[in-house]
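Just to be clear, the model below is a prediction. Sequence and coordinates:
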Amino acid sequence: MARYEFRMQRLFVADDLAPGATFKLDHHQAHYLLKVLRMSVEDNVLVFNGRHGEWRAAIAEAGKKQCVVRAIEQIRGQTEPSNLHYLFAPLKQARLDYMVQKAVEMGVGALRPVITQHTQMPKIKMDRVRANAVEAVEQCGILSLPTVHAPVKLTDVITNWGMTDSDRRIIFCDEDDEAGDPISVLRDIGQNPLAVLIGPEGGFSAEERALLNAQEFVTSMSLGPRILRADTAAVSALTLVQAVCGDW
């Protein structure tokens, strides 16, 4: 990824971007720029929407109830979104926040919660997941916002995989896998689009492990001799995949 202008505030917006286009920021963005950062009319920010690249923009109106921004010029063209999917069992909120942010920083293009037998937090606040994803792309110079999927039972994901993701291989991070060196495992999988699967705090059940290992589209992989927390396992697995098969 090209180096971005990290000294300027970056904002994700939903509006179309073109020279001279104006749009209102939402309440939280306006409050942050005007009240926290003490910015004013003509001050510059960077804006992006995941479709039209990144633009330098200026504050055009700064009132008590709204902040209007005007797009000036494109700084970076739009890049293709990442094709790496991340399947994960929802965690307790603080760990989930961290995991989502780090997964996005690591280049994930789709966040796909899966409900397993040992999932401790089956209900997930989707708005909070999206907010954490937005925060990560804003802070890290990423131009595409990852797709956030609704939670689905792991058994349903596996049953429907051939219809929804027929060409995508699942890298199943299994603490009981005895295949050895994960780098060698990843080097042998070819050029398929990939999805990384991380389980819950309690791990996968024996039935889930058997189901996954029975699928032709699943490759199991160990993350080493230590038992990792689910959020740590996410960073470890995505680092390995990006280093061997991804854009590193």
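Arrived safely. Numbers count the residues shown, from 1 in each chain.

Break this structure down into its domains, please.
Domain segmentation of the chain under automatic domain parsing yields 10-76, 85-244.

Not counting its neighbours along the chain, what's nearest the residue nearest to the spatial centre of the chain?
Centrality entry for the chain: nearest residue to the mean C-alpha point is residue 104, 3.1 Å, by Cα atoms, centre = their mean. Nearest in space to residue 104, with sequence neighbours left out and distances taken as Cβ to Cβ, 6 or more residues apart in numbering, is residue 136 at 3.8 Å. Placement of C-beta: from N, CA and C, glycine included.

A helix includes that neighbour, no?
Yes - under DSSP: H, G, I helix; E, B strand; the rest coil, residue 136 falls within a helix.

is it true that it touches residue 142?
Yes - between residue 136 and residue 142 there is a contact at 7.2 Å, judged by Cβ atoms under 8 Å.

contacting residues around residue 61?
41, 67, 68 (Cβ atoms under 8 Å, 6 or more residues apart in numbering).

buried sites along the strand or helix carrying it?
In the assignment (DSSP states H and E), residue 61 maps to strand 54-62. By 16 or more other Cβ atoms under 10 Å, the buried positions in strand 54-62 come out as 54, 55, 57, 59, 62.

quick one: buried residues of the helix or strand of the chain with the lowest mean pLDDT?
Ranking every helix and strand in the chain by mean pLDDT, DSSP states H and E puts helix 182-187 at the bottom, with a mean of 88. Buried residues in helix 182-187, defined by neighbour count with 16+ other Cβ under 10 Å: 182, 185, 186.

try stretch 196-215
Buried residues in stretch 196-215, counting neighbours by 16+ other Cβ under 10 Å, are found at 196, 197, 198, 199, 200, 203, 204, 208, 209, 211, 212.

Among those, list the two that are farthest apart in space.
196 and 211 (17.4 Å; Cβ to Cβ).

Need the mean per-residue confidence for stretch 195-214.
Mean per-residue pLDDT for stretch 195-214: 92.

and the host helix or strand of residue 171, which strands flank it?
With elements taken from DSSP H and E, the one containing residue 171 is strand 169-173. Strand pairing for strand 169-173, determined by DSSP bridges: strand 194-198 (parallel), strand 218-221 (parallel).

Pass me the low-pLDDT residue ranges in the chain, would you?
Applying pLDDT under 70 to the chain flags residues 1-6, 179.

Could you pull out the strands in it for me?
Applying DSSP state E to the chain gives strands spanning 10-12, 22-24, 44-48, 54-62, 67-76, 85-88, 110-115, 147-148, 152-153, 169-173, 194-198, 218-221.

Does anything pack onto the second one? Which helices or strands?
Under the contact criterion of 3 or more Cβ pairs under 8 Å, 6 or more residues apart in numbering; DSSP states H and E, strand 22-24 touches strand 67-76.

Residue 90 contacts residue 121, correct?
Yes - contact criterion Cβ under 8 Å: residue 90 and residue 121 qualify, at 4.6 Å.

shared neighbours of these two, which are they?
Counting by Cβ under 8 Å, 6+ apart, the contacts common to residue 90 and residue 121 are residue 96.

Compare those two (neighbour count), which wins?
Neighbours per residue, other Cβ atoms under 10 Å: of residue 90 and residue 121, the larger number sits with residue 90, 23 against 17.

Would you mark the buried spots in stretch 130-148?
Burial within stretch 130-148, assessed by neighbour count using 16+ other Cβ under 10 Å, is assigned to 132-134, 136-138, 140-146, 148.

Span of it from start to end?
Terminal residues of stretch 130-148 are spaced 7 Å apart (Cα to Cα, to the nearest Å).

Going forward, count from 5.
I'll keep to 5 as the first residue from here, and by that count the last item is stretch 134-152.

Need the contact partners of it.
Stretch 134-152 has contacts (Cβ under 8 Å, 6+ apart) with 5, 7-8, 10, 14-16, 52, 54, 57-58, 80, 82-86, 101, 104-106, 108-109, 112-115, 130, 133.
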